[in-house]
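*Asks:* Only the shape, not the letters, is given here:
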């Protein structure tokens, strides 16, 4: 017989907490994608900003327009990152409540339900913000393709 035996109640709480832990892993992967996209937008912003000072008026208008688009993309990315982080924090609180309720023998069913619903709502909002950022990005690429078609 093993020296360490997990009591049935705590084993059940660990089983219940596994799903939110997987959700945390998914949110972490999403945050990784979002921060990489934001980094690329910031890099493009910096390169345009550096070129802005030494260009003619026509090129300046094009760069300023693109900077406006990049600004909107950054806003959506930042919002998605902030909301995803909040969702991850709420999921962490759910896990804490699950274990605290078991340790203190207090019913946390309502609090866990409300927190989980809040986490999912915040995550949905983050995903919508991410979708808007992708939409702006792909619309910009489509315009570039149309410009290339007119030049040939």
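*Replies:* Looks like it came in fine. Everything numeric in this text was worked out from a predicted model, so none of it was measured. Numbers count the residues shown, from 1 in each chain.
*Asks:* So what touches stretch 57-72?
*Replies:* Among residues not part of stretch 57-72, those counted as contacts by C-beta atoms under 8 Å, 6 or more residues apart in numbering are 41, 44, 45, 48, 49, 51, 52, 55, 136, 140. C-beta here means a position set from N, CA and C on the backbone, and glycine is covered the same way.
*Asks:* May I ask which of those residues has the most neighbours?
*Replies:* Counting neighbours by other C-beta atoms under 10 Å, the top entry in the contacts of stretch 57-72 is residue 41, with 22 neighbours.
*Asks:* And the average pLDDT for the helix or strand containing residue 27 is what?
*Replies:* Remark: residue 27 resides in helix 8-52, with elements defined by DSSP states H and E. Averaged across helix 8-52, pLDDT comes to 92.
*Asks:* Check stretch 104-119 too.
*Replies:* The average of the pLDDT scores along stretch 104-119 is 94.
*Asks:* Quick check: buried residues in stretch 86-100?
*Replies:* Within stretch 86-100, the residues that count as buried by 16 or more other C-beta atoms under 10 Å are 86, 87, 88, 90, 91, 93, 94, 95, 97, 98.
*Asks:* what element comes up after the helix or strand containing the fifth one heading to the C-terminus?
*Replies:* It refers to residue 91. According to DSSP H and E, residue 91 maps onto helix 57-104. Downstream of helix 57-104, the next assigned helix or strand under DSSP H and E is helix 109-151.
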